[in-house]
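**Q** can't give you the sequence, but here's the structure:
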């Protein structure tokens, strides 16, 4: 029988804070974009229309077969087309901003890129939250692995001297579910845990 040594999850005390961050990110992005959403959508529509109507851009980008393959594939074809539209608008009208808010009121490529990356981060956070909710599927695979090995887990504990720690190794019983004590216990542990761990204060 083989041995399987497991390191304990040192981030478990920060799980509540981590999940809070994942949930707060999409909400914060949505709330911040709602006041300017209509304006930004209008800018994107204008940039796309400008790009599609510019003969040089059509010949160099939209009619080029590589726009379907390179630079992000079909999805990137439209993103780069919109970016080219913003560049055309800048070359036609110029961009000299002297008052606060002008960058939002008028089409600007930097704002488009900033919003795009912000939305990507929000989608990533939302996806990570979904994966955490589906985590028990992975847990079952781990538990199947535990059944075929003698499992050891290393748990650190504070030492007598400040700054030092000692480690103890324990054998995990076959029926012990160290990563998944059940949905009820998982939620109870998450709710009772402090938002900010004691060691971070």
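**A** That came through, no problem. The structure displayed is predicted, hence computed values, not measured ones.

**Q** please enumerate the helices of the chain.
**A** Secondary structure of the chain (DSSP state H): helices located at 15-33, 37-53, 55-57, 73-93, 102-105, 109-133, 135-147, 183-192.

**Q** does residue 77 touch residue 65 like I think?
**A** No. Contact status for residue 77 versus residue 65: not in contact, 10.5 Å apart, counting by C-beta atoms under 8 Å. Every C-beta, even on glycine, is put in place using the N, C-alpha and C of the backbone.

**Q** looking at those two, which one has more neighbours?
**A** More crowded of residue 77 and residue 65, by other C-beta atoms under 10 Å: residue 77, with 19 against 7.

**Q** what's the spacing between residue 32 and residue 42?
**A** Separation of residue 32 from residue 42 (C-beta to C-beta, to the nearest Å) stands at 18 Å.

**Q** redo the helices of the chain as TSV? Include mean pLDDT.
**A** Below are these laid out as TSV (pLDDT from 0 to 100):
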stretch	mean pLDDT
helix 15-33	87
helix 37-53	94
helix 55-57	93
helix 73-93	90
helix 102-105	78
helix 109-133	83
helix 135-147	49
helix 183-192	77
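
**Q** rewinding a little: which neighbours do residue 77 and residue 65 have in common?
**A** Shared contacts of residue 77 and residue 65 (C-beta atoms under 8 Å, 6 or more residues apart in numbering): none.

**Q** circling back to that earlier point, of all the helices of the chain, which lies closest to residue 175?
**A** Between residue 175 and these, the shortest separation by C-beta to C-beta is 9.5 Å, and it involves helix 135-147.

**Q** OK, contacts around the nearest residue to residue 15 once chain neighbours are set aside?
**A** Counting by C-beta to C-beta, 6 or more residues apart in numbering, residue 190 is the residue found nearest to residue 15 once chain neighbours are left out, at 6.7 Å. Contact partners of residue 190, counting by C-beta under 8 Å, 6+ apart, are 15, 16, 19.

**Q** the first one contacts residue 193, correct?
**A** I take that to be residue 15. Yes. Between residue 15 and residue 193 there is a contact at 7.1 Å, judged by C-beta under 8 Å.

**Q** packing partners of the longest strand anywhere in the chain?
**A** In the chain, assigned by DSSP state E, the strand with the most residues is strand 149-158. Applying 3 or more C-beta pairs under 8 Å, 6 or more residues apart in numbering; DSSP states H and E, one finds that strand 149-158 makes contact with strand 2-7, strand 165-172.
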